[in-house]
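In: give the three-dimensional model of this entry:
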Amino acid sequence: MPAQPKEILEKILTSLGFAVTVEEHKLEDGFLLDVKTEDAGRLIGRQGQTLADLQYITNRLLFQQDTSAPKAMVDVGGYARRRAKRS
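Out: Numbers count the residues shown, from 1 in each chain. As a prediction, the model looks like this:
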């Protein structure tokens with residue numbers, strides 16, 4: 001069974017008590033999981049560290065289910081895209 005990145009991320013976040021909506025977008029080299037929530041600041045964390053950790057955990061779970069699963073990029077409120085543009 002192929003890994004389901006959107007479902008994995010939704011399960012993690014709802015288990016942690018966050019009310020979220022996750023949109024999945026196909027990229028050339030994987031997926032973008034765009035999280036919509038009122039608690040964006042808590043999910044992003046200081047300098048994006050919580051967001052980076054969330055992306056790491058999501059990708060580890062994806063890889064555990066399917067070693068050929070493409071990478072997932074997790075973004076909350078466009079934070080990761082804005083940060084990437086600055087670099």
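In: mind checking the SS state of residue 22?
Out: Here residue 22 is strand, with the state taken from DSSP: H, G, I helix; E, B strand; the rest coil.
In: my read: it touches residue 32, true?
Out: No: assessed by CB atoms under 8 Å, residue 22 is found out of contact with residue 32, at 10.3 Å. In this view, the C-beta of every residue, glycine as well, is placed from N, C-alpha and C.
In: the more surrounded of the two?
Out: Set side by side, residue 22 and residue 32 show more neighbours around residue 22, with 19 against 16, by other CB atoms under 10 Å.
In: give me the pLDDT value at the residue nearest the centre of the chain.
Out: What sits nearest the mean C-alpha location of the chain, by CA atoms, centre = their mean, is residue 74, with 2.6 Å. Per-residue pLDDT puts residue 74 at 97.
In: may I have the phi/psi pair for it?
Out: phi -100, psi 130 (degrees, to the nearest 10).
In: same check, this time on residue 75
Out: phi -130, psi 140.
In: identify the residues contacting the host helix or strand of residue 31?
Out: Taking DSSP states H and E as the definition, residue 31 sits inside strand 30-37. By CB atoms under 8 Å, 6 or more residues apart in numbering, the residues outside strand 30-37 that reach it are 5-6, 9, 13, 18-26, 43, 58, 70-78.
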